[in-house]
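# all I have is the shape, not the residue letters:
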């Protein structure tokens, strides 16, 4: 059985109860002290230092009180110290012929109170009370014996600084050192145990934090992989689906158009496979990833061209002075545009057109994708993926990871709008070597899927 030990606030630390092995050790120690005390008592009696030793039953009482309670010294340190102090008094007051072992037993009991007491106030007052009582007993004994000439008959008692007075002072100083030593070493042992327990608790907390961090890192990696796969697959599969449907409808009356649509399907499949291979390669060897191969806003014109190729008139407008972008911002903005154009193709309806705006501000960069399609609800606007939380969630996770925000909703004049804004001052990611420059700005008509610089 162990007591709870708080991890924070070392002053409130509670020492756990000792186990069975400690109880067995203390029982064996008490038995050893009892045997040693009986042996030393017989030797002291044999030496003739005691003229009138106590009766045998007083021996048993004094030796029993001084040694037997030590078997429970770490379970009930305060009570054991008090009982051993009573045994010490019985041995000394009633002339049990023993000096050495009874002093050792009392010292050990007082030390145990300091080292093992779970109530620090009780530990202090028990030791203080025992020390005070012992000093009073010694002073009373010295004063009483000073009037008995048969005790230390050769020691002079005349004068304030007599030999007997010097002897009395030595007795007090010796006992002060004795009790002070028990107090000091007991407190030191308790502080050492407290420090060790707190270090072990901190080690367990750090290990738990490390495991939690590792689990979170794995979860973030899984979310990133899922988001990347969704962006790559959803975009290209939507293109292939639209072109395959067009090829099926025009296969009989317009084989050339069907062949062109199937060619787009083939190209989209090839591009999807290449991006998946690049993703797998990055996952296997992330340390050799080439930033120059990362998609970014420089490839927005390619997305616009793909959207135009599947029958959605799309315009790209670049506003502001271009600048290099951090790699993570670059990829995040590209994926937002990719997902938004995919949703336009899926849900804007026939005849809808789209517009992509890339704005370079003084402290922010923004992309906005709008369309003039007809949607009944927000859920239908962003498609089944959004209804399951994948579409907009993926956008917000990507942009949120670089300190930005995503706004999405129906427009008052009709259609749908997705806007991602990133404050560049908050981003500390590495700058991509390539893919961060804006698309080419050759003015063309809106139906040609071109870029227009504002």
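Structure's in. What do you need? Please read all numbers here as calculations on a predicted model, not as lab measurements.

# what comes up buried for the helix or strand hosting residue 123?
Following DSSP states H and E, the helix or strand that holds residue 123 is helix 120-146. The neighbour-count check on helix 120-146 (16 or more other CB atoms under 10 Å) flags 120, 123, 126-127, 130-131, 134, 138, 142, 145-146 as buried. Heads up, the C-betas are built off the backbone N, CA and C, glycines and all.

# distance between it and the chain's centre?
Average the C-alpha atoms of helix 120-146, do the same for its chain, and the two points are 49 Å apart (CA atoms, centre = their mean, to the nearest Å).

# try stretch 119-135
Distance, stretch centre to chain centre, for stretch 119-135: 41 Å (CA atoms, centre = their mean).

# please name the nearest non-neighbouring residue to residue 110.
Of all residues beyond its chain neighbours, the one nearest residue 110 is residue 182 (3.7 Å), with distances taken as CB to CB, 6 or more residues apart in numbering.

# which strands or helices does the helix or strand that contains the one you found pack on?
Counting by DSSP H and E, the element that carries residue 182 is helix 163-250. The helices and strands touching helix 163-250, judged by 3 or more CB pairs under 8 Å, 6 or more residues apart in numbering; DSSP states H and E, are helix 100-116, helix 120-146, helix 255-284, helix 327-347, helix 391-401.

# most tightly packed of these?
Of all the helices and strands packed on helix 163-250, helix 327-347 has the most neighbours on average by mean count of other CB atoms under 10 Å, namely a mean of 25.

# I'd like the next helix or strand past that one.
Elements were assigned by DSSP H and E; along the chain past helix 327-347, the next helix or strand is strand 354-360.

# packing partners for that next one?
helix 300-309, strand 314-319, helix 327-347, strand 364-371.

# quick one: mean pLDDT for that strand?
Averaged over strand 354-360, pLDDT sits at 92.

# quick one: strands adjacent to it?
Strand 354-360 has the following strand partners under DSSP bridges: strand 314-319 (parallel), strand 364-371 (antiparallel).

# could I get the ones you listed as TSV with mean pLDDT, mean neighbour count and distance to residue 80?
Compiled in TSV, those are given as follows (pLDDT from 0 to 100; neighbours: other CB atoms under 10 Å; distance: least, CB to CB, whole Å):
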stretch	mean pLDDT	mean neighbour count	distance to residue 80
strand 314-319	91	22	85
strand 364-371	92	22	73
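
# quick one: closest of those strands to residue 413.
Checking the strands paired with strand 354-360 against residue 413 by CB to CB gives strand 364-371 as the closest, at 9.6 Å.

# for this protein, what are the low-confidence residue spans?
Across the chain, residues meeting the criterion (pLDDT under 70) sit at 1-12, 150, 153, 156-160, 220-221, 223-236, 278-294, 375-390, 425-454.

# how is it carved up into domains?
The chain is divided into the following domains under automatic domain parsing: 14-210, 297-454.

# let me know which of the ones you listed is tucked in deepest.
The highest average neighbour count among those, using mean count of other CB under 10 Å, belongs to domain 297-454 at a mean of 19.

# the particular helix or strand that has residue 89 in it packs against which elements?
Element membership of residue 89 [criterion: DSSP H and E] is helix 77-93. The elements that helix 77-93 packs onto, with contact taken as 3+ CB pairs under 8 Å, 6+ apart, are helix 56-67, helix 100-116, helix 120-146.

# do you know how far residue 184 is from residue 176?
Residue 184 sits 12 Å away from residue 176, going by CB to CB, to the nearest Å.

# my read: residue 111 touches residue 187, true?
No - with contact defined as CB atoms under 8 Å, residue 111 does not count as touching residue 187 (9.5 Å).

# that older thread, tabulate the strands paired with strand 354-360 (JSON lines), appending distance to residue 416.
As requested, those are arranged in JSON lines below (distance: least, CB to CB, whole Å):
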{"stretch": "strand 314-319", "distance to residue 416": "14"}
{"stretch": "strand 364-371", "distance to residue 416": "6"}
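
# ok, which of the ones you listed comes nearest residue 393?
Each of those has some distance to residue 393 by CB to CB; the shortest is strand 364-371, at 16.9 Å.

# what does the closest one contact?
By CB atoms under 8 Å, 6 or more residues apart in numbering, the surrounding residues in contact with strand 364-371 are 297, 300, 325, 329, 333, 336-337, 340-341, 344, 348, 352-359, 411, 415-424.

# try it again at 7 Å.
The contact list for strand 364-371, computed with CB atoms under 7 Å, 6 or more residues apart in numbering, reads 325, 329, 333, 336-337, 340-341, 344, 348, 352-359, 411, 415-424.

# you'd agree residue 408 is in a strand?
Yes - if the criterion is DSSP: H, G, I helix; E, B strand; the rest coil, then residue 408 is within a strand.

# for it, which non-adjacent residue is closest in space?
Leaving out its chain neighbours, the residue that sits closest to residue 408 by CB to CB, 6+ apart is residue 418, at 4.7 Å.

# contacting residues for the one you found?
Contacts of residue 418 by CB under 7 Å, 6+ apart are 336, 340, 369, 408.

# make JSON lines from the residues you listed and add distance to residue 321 to it.
Supplementary listing: the contacts of residue 418 in JSON lines, determined by distance: CB to CB, whole Å:
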{"residue": "336", "distance to residue 321": "21"}
{"residue": "340", "distance to residue 321": "24"}
{"residue": "369", "distance to residue 321": "22"}
{"residue": "408", "distance to residue 321": "27"}
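
# picking up where we left off before, relative to residue 135, how far out is the residue nearest to residue 110?
When distance is defined by CB to CB, residue 182 is 13 Å away from residue 135.
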